[in-house]
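Participant: one predicted model, sequence on top.
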Amino acid sequence: MSRRTRIFIAILLIYFAGIALLLYRVVADIDPRYRESAEESLVEISQLMASLVEQDVIAGAINTQRLEPLFRTVYAREFSAQIYNLHKTKVELRVYVTNRSGRVIFDSTGRDLGADYSSWSDVSRALSGLYGARTTRDLAGDPLTSVMYAAAPIRWGEEIVGVVSVGKPVQSFGQFVQDARARTLWVGVGSAVALLMLALIMSVWLVRPFGLISDYLRWLRQQRSWSVSRMTRRAVDTLRGGLREMRDAFTGRSYVADYVQTFTHEIKSPLSAIRGAAELLQEPSMPQAEREHFLANIAGETQRIQEIVDRMMELTTLETQRALERSETVSLAPLLHDVAASAQGAAAARQIRLHVAIDSNANVEGDPFLLRRAVSNLLDNAIDFSPPGAEVALALHVGAREARITVRDHGQGIPDYAREQVFEKFYSLARPHSQKKSTGLGLAFVKEIAILHRGRIELANAPRGGAIATLSLPLLSHG
């Protein structure tokens, strides 16, 4: 994974972590806010009920006869109230009254009449002249049966002679909490997706003035026949290219700076060699043999710079493509035979034996020229790193969904320190026979070709020595 990709992923992770933390804090705060609002209403109702009961207190004795028909009538009322998304059809308010010892002398539900509530916090605190409230579950193991209570003291003169406690099931406003949570989550997720889509659209239209849709429509117009699977694959490739451009738009400045810095570093050595040779050639007394030697050095280093520039231009062209500009059905078996035949001369010059193993053919969708270049790069690498007399094996393995092209050499393998860098631009290991490095763009070139073909490239040490490169490509599915 390249540094710019890691930076892009890190930016996305930080962004999503920030959104997730914000949503978590907001969603977690919804329930307490609703409970505060409900409790504030219960406090006012309890004070109202306490004032009503106090009108019937005689000589410190509480008379609750007026409450029984009142709540019986209230609970029997039929109504229909649509409160936003909540349809309410019955009164769920609960009221109980205790005497000065905390024993229940009235219960609107009729369930706990005569019970001792003196130990409940709402009753004990209200009897002491303090604000009392509690939340208790009707069923011990079911949090959905929780009921909030707020109590107010019943006074006779300056004396507290009892308590009125008003309760409301939490489930009655729990629907509001759930709805608010769902809406908040949808808004948060929707905002995050919208921002990402905006960044994608802006980056695509800034990097490519015609945009994704026009590219896709242009490709459709060039097709002679319609295939749902081909259209889907092309759409996925186009979208993938747009995502890569969005990544480059986020990290473009550092990417260009790294590119220029690395390129400058790579051509510094050949330029220094050319300048040194040119200065020495100015000596009039230099022997002809040495003069020819330095001229050959200049020609060789100039050729190296030309190779770097050419490969960079090819690589840059591939990196800016969203999808393959031309695509057709490619038969891998004849392609591999052609590549092996072309490499026979270079292999013979190094006394390397080429072995081609193709058990069955496979068809993929892609650009035959680019695929041939990719396999040729892998084969050239294997020949360069193989000792004289060794064998390089080119093979095709066909699976259920993909074809794997493998190139196996019997060289020294990949050093541990180089395993994570072999696909980076300008990174190269010295060839064993010449101790010279290549442009360091070959494997990066192969990687871009694999990405454009929805495949992958891997390079690892083989079990019995040497290295093995594997180019995996999805098989062509007809639709």
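Facilitator: Perfect, thanks for sending it.
Participant: which residues touch residue 403?
Facilitator: Contacts here follow Cβ atoms under 8 Å, 6 or more residues apart in numbering; on that basis residue 403 touches 332, 362, 364, 396, 397, 472, 473, 475. No exception for glycine: its C-beta is placed from N, CA and C like everyone else's.
Participant: and if we set it to 6 Å?
Facilitator: 332, 362, 473, 475 (Cβ atoms under 6 Å, 6 or more residues apart in numbering).
Participant: residue 181 too?
Facilitator: For residue 181, the contact set (Cβ under 6 Å, 6+ apart) comprises 27, 30.
Participant: one more: residue 372?
Facilitator: Contacts here follow Cβ under 6 Å, 6+ apart; on that basis residue 372 touches 335, 339.
Participant: where's it relative to residue 342, distance?
Facilitator: Distance from residue 372 to residue 342, counting by Cβ to Cβ, to the nearest Å: 9 Å.
Participant: just to revisit the earlier point, ChimeraX command for the buried members of the contacts of residue 403?
Facilitator: Here is the ChimeraX command that selects only those of the contacts of residue 403 that count as buried (16 or more other Cβ atoms under 10 Å):
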select :332,362,473
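Participant: among the contacts of residue 403, which two are most distant?
Facilitator: Largest separation among those by Cβ to Cβ: 332 and 475, giving 9.7 Å.
Participant: check the secondary structure at the closest residue to residue 405 other than its chain neighbours for me.
Facilitator: Counting by Cβ to Cβ, 6 or more residues apart in numbering, residue 405 lies nearest to residue 471, which is 4.4 Å off, once chain neighbours are set aside. Following DSSP: H, G, I helix; E, B strand; the rest coil, residue 471 is assigned to strand.
Participant: per-residue pLDDT of residue 471, please?
Facilitator: For residue 471, the pLDDT comes out at 92.
Participant: residue 442 - how many residues pack around it?
Facilitator: For residue 442, the number of neighbouring residues by other Cβ atoms under 10 Å comes to 22.
Participant: mind listing the helices for the stretch 251-400 of the chain?
Facilitator: 288-319, 332-349, 368-384 (DSSP state H, counting those that start in this stretch).
Participant: got the CA positions of stretch 43-54 in PDB?
Facilitator: Coordinates of each C-alpha in stretch 43-54 appear next as PDB, following Å, rounded to 0.1, in the frame of the first residue of the first chain:
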ATOM      1  CA  VAL A  43     -43.300  17.900  39.300                       C
ATOM      2  CA  GLU A  44     -46.000  20.500  38.300                       C
ATOM      3  CA  ILE A  45     -48.800  17.800  38.200                       C
ATOM      4  CA  SER A  46     -47.700  16.500  41.700                       C
ATOM      5  CA  GLN A  47     -47.900  20.100  43.100                       C
ATOM      6  CA  LEU A  48     -51.300  20.500  41.500                       C
ATOM      7  CA  MET A  49     -52.600  17.200  43.000                       C
ATOM      8  CA  ALA A  50     -51.200  18.100  46.400                       C
ATOM      9  CA  SER A  51     -53.000  21.400  46.400                       C
ATOM     10  CA  LEU A  52     -56.200  19.600  45.400                       C
ATOM     11  CA  VAL A  53     -55.900  17.000  48.200                       C
ATOM     12  CA  GLU A  54     -55.000  19.700  50.800                       C
END
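Participant: off-centre distance for that stretch?
Facilitator: Put simply, stretch 43-54 sits 56 Å off its chain's centre (Cα atoms, centre = their mean, to the nearest Å).
Participant: skipping adjacent residues, who's closest to the residue sitting furthest away from the middle of the chain in space?
Facilitator: Residue farthest from the centre of the chain, counting by Cα atoms, centre = their mean, is residue 59 at 73.1 Å. The shortest distance from residue 59 to any non-neighbouring residue, by Cβ to Cβ, 6+ apart, is to residue 156 (7.8 Å).
Participant: phi, psi of the one you found?
Facilitator: phi -130, psi 100 (degrees, to the nearest 10).
Participant: next: residue 386.
Facilitator: The phi/psi pair for residue 386 (degrees, to the nearest 10) is phi -100, psi 140.
Participant: quick check: next helix or strand after the helix or strand containing residue 10?
Facilitator: Per DSSP states H and E, residue 10 falls inside helix 3-54. Per DSSP H and E, the first helix or strand lying C-terminal to helix 3-54 is helix 67-76.
Participant: and the angle from that next one to helix 3-54?
Facilitator: Between the axes of helix 67-76 and helix 3-54, defined by axes from the mean of the first three to the mean of the last three Cα atoms, to 10 degrees, the angle is 140 degrees.
Participant: quick one: average confidence on helix 67-76?
Facilitator: For helix 67-76, the mean pLDDT works out to 93.
Participant: what about it, distance to the chain center?
Facilitator: The answer for helix 67-76 is 58 Å, by Cα atoms, centre = their mean.
Participant: touching it from outside, list them.
Facilitator: For helix 67-76, the surrounding residues in contact (Cβ under 6 Å, 6+ apart) are 91, 106, 108.
Participant: please repeat the previous calculation with a cut-off of 7 Å.
Facilitator: 91, 95, 106, 108 (Cβ atoms under 7 Å, 6 or more residues apart in numbering).
Participant: just stretch 373-386 next, same as before
Facilitator: Under Cβ under 7 Å, 6+ apart, the answer for stretch 373-386 is 336, 339, 342-343, 346-347, 350, 352, 392, 394, 405, 407, 409-411, 431-432, 442, 445-446, 449-450, 467, 469, 471.
Participant: go on, stretch 25-41?
Facilitator: Contacts of stretch 25-41 (Cβ under 7 Å, 6+ apart): 133, 148, 150, 168, 173, 176, 177, 180, 181, 184, 185.
Participant: in JSON lines: those, plus secondary structure and distance to residue 34.
Facilitator: Listed next are the contacts of stretch 25-41 as JSON lines, based on DSSP: H, G, I helix; E, B strand; the rest coil; distance: Cβ to Cβ, whole Å:
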{"residue": "133", "secondary structure": "strand", "distance to residue 34": "15"}
{"residue": "148", "secondary structure": "strand", "distance to residue 34": "10"}
{"residue": "150", "secondary structure": "strand", "distance to residue 34": "15"}
{"residue": "168", "secondary structure": "strand", "distance to residue 34": "11"}
{"residue": "173", "secondary structure": "helix", "distance to residue 34": "6"}
{"residue": "176", "secondary structure": "helix", "distance to residue 34": "6"}
{"residue": "177", "secondary structure": "helix", "distance to residue 34": "5"}
{"residue": "180", "secondary structure": "helix", "distance to residue 34": "8"}
{"residue": "181", "secondary structure": "helix", "distance to residue 34": "10"}
{"residue": "184", "secondary structure": "helix", "distance to residue 34": "13"}
{"residue": "185", "secondary structure": "helix", "distance to residue 34": "16"}
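Participant: could you dump these to a markdown table with pLDDT and distance to residue 38?
Facilitator: Formatted as a markdown table, these follow (pLDDT from 0 to 100; distance: Cβ to Cβ, whole Å):
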| residue | pLDDT | distance to residue 38 |
| --- | --- | --- |
| 133 | 95 | 11 |
| 148 | 93 | 6 |
| 150 | 96 | 9 |
| 168 | 92 | 6 |
| 173 | 67 | 5 |
| 176 | 70 | 10 |
| 177 | 71 | 10 |
| 180 | 76 | 13 |
| 181 | 76 | 16 |
| 184 | 82 | 19 |
| 185 | 82 | 22 |
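Participant: out of those, which end up buried?
Facilitator: Neighbour counting by 16+ other Cβ under 10 Å classes 133, 148, 150, 168, 173, 176, 177, 180, 181, 184 among the contacts of stretch 25-41 as buried.
Participant: can you put the residues you listed in TSV and add distance to residue 73?
Facilitator: TSV is the format used below for the buried ones among the contacts of stretch 25-41 (distance: Cβ to Cβ, whole Å):
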residue	distance to residue 73
133	27
148	24
150	23
168	19
173	24
176	27
177	30
180	33
181	36
184	39
